[in-house]
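In: 3D, please:
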Amino acid sequence: EYGSHNGAATLITVALGDSKPRRALQGTLATLDMHGLQVERVLVDMIGDPPSDKPGLPSAGVTLVRAIVRSPAGAVADNTQLANDLRRFKWLDDSALSLAA
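Out: Next up, the predicted model:
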């Protein structure tokens, strides 16, 4: 989700199901850094998921990562590519993510 916040800053919200908060934060920050965005603030929330009535299904909840970011002066962010990368990072191994950054 993209939205204007305080003029030139942008609020980005990432929601990840069945993801650990630390991993979600690390992946989000690495992806934002890869796109040259400066993070001003970040907030991580966990929303619990009630246990499933089906045996064998995990109940890890949803991790929300919200970040207020700015592009460097004069830079224009490619929001389409950023959105695509934010959707994919959950499935990347830590070593692949560090190579990309």
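In: shouldn't A9 be in contact with I68?
Out: Yes. Contact criterion C-beta atoms under 8 Å: A9 and I68 qualify, at 5.2 Å. Every C-beta, even on glycine, is put in place using the N, C-alpha and C of the backbone.
In: shared neighbours of these two, which are they?
Out: Common neighbours of A9 and I68, using C-beta atoms under 8 Å, 6 or more residues apart in numbering, are E40.
In: helices of this protein, start to end?
Out: Applying DSSP state H to the chain gives helices spanning 21-34, 79-88, 94-100.
In: to P72, which of those helices lies closest?
Out: Across these, P72 has its closest neighbour in helix 21-34 (11.9 Å, C-beta to C-beta).
In: please work out the angle formed by the directions of the closest one and helix 79-88.
Out: 150 degrees (axes from the mean of the first three to the mean of the last three C-alpha atoms, to 10 degrees).
In: tell me what helix 21-34 is packed against?
Out: strand 9-17, strand 38-47, strand 62-70, helix 79-88, helix 94-100 (3 or more C-beta pairs under 8 Å, 6 or more residues apart in numbering; DSSP states H and E).
In: for the last one, the averaged confidence score.
Out: So that's helix 94-100. Helix 94-100 shows a mean pLDDT of 65 in the predicted model.
In: please apply the same query to the third one.
Out: Regarding strand 62-70, the rounded mean pLDDT is 92.
In: a markdown table for the helices and strands packed on helix 21-34, including mean neighbour count and distance to A30?
Out: Listed next are these as a markdown table, based on neighbours: other C-beta atoms under 10 Å; distance: least, C-beta to C-beta, whole Å:
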| stretch | mean neighbour count | distance to A30 |
| --- | --- | --- |
| strand 9-17 | 18 | 12 |
| strand 38-47 | 13 | 11 |
| strand 62-70 | 19 | 12 |
| helix 79-88 | 14 | 10 |
| helix 94-100 | 11 | 5 |
